[in-house]
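Peer 1: Need coordinates for the following:
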Amino acid sequence: MRVHAVFDENGEILALAEIVEEGDDRIGVRPVPGDDRKMAEFTVPEECVGKPLAALAARYRVDDASGGARLARR
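Peer 2: Numbering: from 1, shown residues only. Take a look at the predicted model:
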């Protein structure tokens, strides 16, 4: 499962939306980052698959290093 994550300059995840694969009958949404916010795509860690997306935001933050954004455990 992959998600779009909107995060702030401190790496706090502000919004998450599941990326709906082509051919899936569900309607997908994509958050729009506001001023001073960024968005990245991530694969959901195995421990969070099947759980509410809030669990992902509670356990992880975004490390937006020069090598690209990645999820980092709190």
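Peer 1: Around residue 54, count how many other residues there are.
Peer 2: Residue 54 sits with 11 neighbouring residues when counted by other C-beta atoms under 10 Å. (Glycine included, C-beta is placed from N, CA and C.)
Peer 1: State the distance from it to residue 22.
Peer 2: 26 Å (C-beta to C-beta, to the nearest Å).
Peer 1: ok, now residue 68?
Peer 2: From residue 68 to residue 22 the distance is 24 Å (C-beta to C-beta).
Peer 1: between those two, which one's more packed in?
Peer 2: Shown here are residue 68 and residue 22; by other C-beta under 10 Å, residue 68 has more neighbours (8 against 5).
Peer 1: and the more buried one, what does it touch?
Peer 2: By C-beta atoms under 8 Å, 6 or more residues apart in numbering, residue 68 lies in contact with residue 40.
Peer 1: Over to residue 42?
Peer 2: So residue 42 contacts 2-3, 5, 69-71 (C-beta under 8 Å, 6+ apart).
Peer 1: isn't residue 20 right next to residue 27, touching?
Peer 2: Yes. Counting by C-beta atoms under 8 Å, residue 20 touches residue 27, with 7.2 Å between them.
Peer 1: so which helix or strand takes in residue 57?
Peer 2: helix 53-59 (DSSP states H and E).
Peer 1: mind checking how far stretch 4-21 is from the chain centre?
Peer 2: 3 Å (C-alpha atoms, centre = their mean, to the nearest Å).
Peer 1: who touches that stretch?
Peer 2: Taking C-beta under 8 Å, 6+ apart as the rule, stretch 4-21 contacts 1-3, 26-31, 33, 36-42, 53, 56-57, 60-64, 69, 72.
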